[in-house]
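Engineer: Let's see this in three dimensions:
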Amino acid sequence: MTMLLFGPELYFLLVALVLFFFSLRRTPKVKADHTVATVLALVGFLVAVACIGQKGELFFKAYRVDLFSQIFKAALALGLFLVFMISRNLAGIEERLHAEFYLFLTTCTLGMMMLVSSVELLTIYVSLELSSYSLYILVPMRRGDDIDVEAGIKYLFIGAVSSGFMLFGLSYIFGATHSTYLTDIIPKMPELLASPIGLVGVLLSLAGFFFKLSVFPFHFWAPDVYQGGANQVVTFIATASKAAAVALVLRIAALGAGAGYDFAQALVILSIISMTLGNLVAIIQKDFKRMLAYSSIAHAGYVLIGILAFNEAGYSSAVYYALAYLIMNFTVFMVLNEVARDGRDLKIAELAGLYHRSPLLSMSLILGIFALAGVPPSIGFTGKLLLFTSAMNQGYFLLVLIGAVNGTISLYYYLRVIYAAYFIKGEGLPPIQLSWPTKMLNYALCATILFFGVAPDSIIELARAAVRTVL
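Structural biologist: Coordinates of the predicted model:
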């Protein structure tokens, strides 16, 4: 029965082994590999959902299974399945590497699942590295010009530096508390944050997590990696990887709940800079993926607003926004993948005439973009409302005001995308034919964005119940 607590992780480990044997074949079987990988990912999502109610501890209490971790595991499994769904045409990756593509995405998902359940510092570090190294391999896998290699090298070096910072910070926390278990560190958190070594240790530890979340000043990798990586790889980084990063930051931030004014002030500064920098630089971008990269930096700043509340309402709003961001960002990337089926980098101007080429894709694009911008009644609007409300209740009026101004700024570059798709005619471009699974996926995503924007109660209550298990 104890091993059942490790059910989703064991399942995806077995999936990784199956895909590993697929990668050993001399002759690639592209369609068969995609079909098997997608079906296995769907079963994995069902396994993760079935395990949501599990509770317990493993590996000498270094690994905690609770509602908080299980919700994020289900979200990660869903993200993997959705990425596999749009990977039927991996034009940007050589056929002989398709099996490796599925393998490393699966191992990355496994690492992130372990990450959200880890409650011991070394376990957190090892899980984070497992997920990161899989992505270090995936990013330069794209064929074409040398920008993919440059993006992969930059991603690896910045990741190594942030990993070093984090390990240095974890050593400070261990030196100050004489323990690597979060359950031992939590009671000592007030005096830990009051001491220079403790405060520096926590902030340095957060460096590795902020790298995953692409928060300033660990955001430099995002634009180049988004542009240089294959579209499907970037989709995974922009969705599932972000959800895992939010879960990890929430776990660590919960250590300082009710304590540490200086710690909160540091997060306020990072949130403001991330929001402002991301939105302002996104305005001048012409490449669609680079624009979405800077948008992700801004959204990382929004998530920090919820974490800053240091209470149940703030944390639950951050959980809700992480799940909402996965759905609305994936919707936009799905449209990008369908329009750029040859694996190329898509310019915003190349969306011209999308409404006439595929009304369904244009509907998905406008709903996804409006959700990212926080336009009602989308899931993004509800998420931002919850984040801003939780911060206002804690007295962060100026921060909320800056967040609202940044939301208004973001409308400019988001509306450029909508303008190109709906109001610029694409001369001589053929209609985009969609398969029936892709059509069903479009309808499901659009319905989700609208339904949980209008009726978010079930997700909010689930998020609150999950947060209570962390606090």
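Engineer: Quick check: which ranges of this structure have low pLDDT?
Structural biologist: Applying pLDDT under 70 to the chain picks out residues 1, 143-148, 252, 254-264, 426, 471.
Engineer: Just the buried positions in whichever helix in it runs longest, please.
Structural biologist: When the chain is parsed with DSSP state H, its longest helix is helix 147-177. The neighbour-count check on helix 147-177 (16 or more other CB atoms under 10 Å) flags 148, 151-152, 154-156, 158-159, 162-163, 165-167, 169-170, 172-173, 176-177 as buried. Glycine gets a C-beta too; all of them are placed from N, C-alpha and C.
Engineer: which residues of the stretch 351-471 of the chain fall in helices?
Structural biologist: Here the stretch 351-471 of the chain has its helices, by DSSP state H, counting those that start in this stretch, at 354-357, 359-373, 379-393, 397-423, 436-454, 457-468.
Engineer: nope, the stretch 201-350 of the chain is what I meant
Structural biologist: Ranges of helices in the stretch 201-350 of the chain, per DSSP H, counting those that start in this stretch, are 221-228, 231-238, 240-253, 261-282, 288-308, 312-339.
Engineer: Return the most buried member of the ones you listed.
Structural biologist: Using mean count of other CB atoms under 10 Å, the stretch among the helices of the stretch 201-350 of the chain with the largest mean neighbour count is helix 231-238, at a mean of 28.
Engineer: And that one, what does it pack against?
Structural biologist: On a contact count with 3 or more CB pairs under 8 Å, 6 or more residues apart in numbering; DSSP states H and E, helix 231-238 meets helix 67-85, helix 98-117, helix 121-138, helix 221-228, helix 288-308, helix 312-339.
Engineer: Dump those helices into CSV; add distance to residue 202 as well.
Structural biologist: Formatted as CSV, those follow (distance: least, CB to CB, whole Å):
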stretch, distance to residue 202
helix 67-85, 20
helix 98-117, 18
helix 121-138, 12
helix 221-228, 23
helix 288-308, 13
helix 312-339, 17
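Engineer: With residue 248 as the reference, name the closest of the ones you listed.
Structural biologist: Ranking these by proximity to residue 248 (CB to CB) places helix 98-117 first, at 5.7 Å.
Engineer: Pull that closest one out as CSV, backbone CA atoms only.
Structural biologist: C-alpha atoms of helix 98-117 as CSV (Å, rounded to 0.1, in the frame of the first residue of the first chain):
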residue,chain,number,x,y,z
HIS,A,98,11.3,11.4,-32.0
ALA,A,99,11.5,8.6,-29.5
GLU,A,100,14.1,10.5,-27.5
PHE,A,101,11.8,13.6,-27.6
TYR,A,102,9.0,11.6,-25.9
LEU,A,103,11.4,10.0,-23.5
PHE,A,104,13.0,13.2,-22.2
LEU,A,105,9.6,15.0,-21.9
THR,A,106,8.5,12.0,-19.8
THR,A,107,11.6,12.0,-17.5
CYS,A,108,11.2,15.8,-17.1
THR,A,109,7.6,15.3,-16.0
LEU,A,110,8.7,12.5,-13.6
GLY,A,111,11.3,14.9,-12.1
MET,A,112,8.7,17.7,-11.7
MET,A,113,6.3,15.3,-10.0
MET,A,114,8.9,14.3,-7.5
LEU,A,115,9.6,18.0,-7.1
VAL,A,116,6.1,19.0,-5.9
SER,A,117,6.2,16.2,-3.3
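Engineer: Run the angle between that helix and helix 231-238 for me.
Structural biologist: In terms of direction (axes from the mean of the first three to the mean of the last three CA atoms, to 10 degrees), helix 98-117 departs from helix 231-238 by 0 degrees.
Engineer: Tell me which other helices or strands helix 98-117 touches.
Structural biologist: Here helix 98-117 touches helix 7-23, helix 30-50, strand 63-65, helix 67-85, helix 121-138, helix 231-238, helix 240-253, going by 3+ CB pairs under 8 Å, 6+ apart.
Engineer: quick one: contacts of stretch 413-430?
Structural biologist: With contacts defined as CB atoms under 8 Å, 6 or more residues apart in numbering, stretch 413-430 is touched by 279, 282-283, 285, 288, 291, 295, 348-349, 351-357, 362, 365-366, 369-370, 372-373.
Engineer: ok, back up a step: which one of the helices and strands packed on helix 98-117 lies closest to residue 437?
Structural biologist: Comparing the helices and strands packed on helix 98-117 against residue 437 with CB to CB, the closest turns out to be helix 67-85 (6.8 Å).
Engineer: Run through the neighbouring helices and strands of that closest one.
Structural biologist: Applying 3+ CB pairs under 8 Å, 6+ apart, one finds that helix 67-85 makes contact with helix 7-23, helix 30-50, helix 98-117, helix 231-238, helix 240-253, helix 312-339, helix 436-454, helix 457-468.
Engineer: between those, which one is nearest to residue 79?
Structural biologist: helix 240-253 (3.1 Å).
Engineer: okay, the closest one in CSV with CA atoms only?
Structural biologist: This file holds the C-alpha atoms of helix 240-253, laid out as CSV (Å, rounded to 0.1, in the frame of the first residue of the first chain):
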residue,chain,number,x,y,z
ALA,A,240,3.9,22.3,-17.3
SER,A,241,7.3,23.5,-16.2
LYS,A,242,5.8,26.8,-15.0
ALA,A,243,3.2,24.9,-12.9
ALA,A,244,5.9,22.9,-11.2
ALA,A,245,7.9,26.0,-10.5
VAL,A,246,4.9,27.7,-8.8
ALA,A,247,4.3,24.6,-6.7
LEU,A,248,7.9,24.6,-5.5
VAL,A,249,8.0,28.3,-4.7
LEU,A,250,4.7,28.0,-2.8
ARG,A,251,6.2,25.2,-0.7
ILE,A,252,9.3,27.3,0.1
ALA,A,253,7.3,30.5,0.6
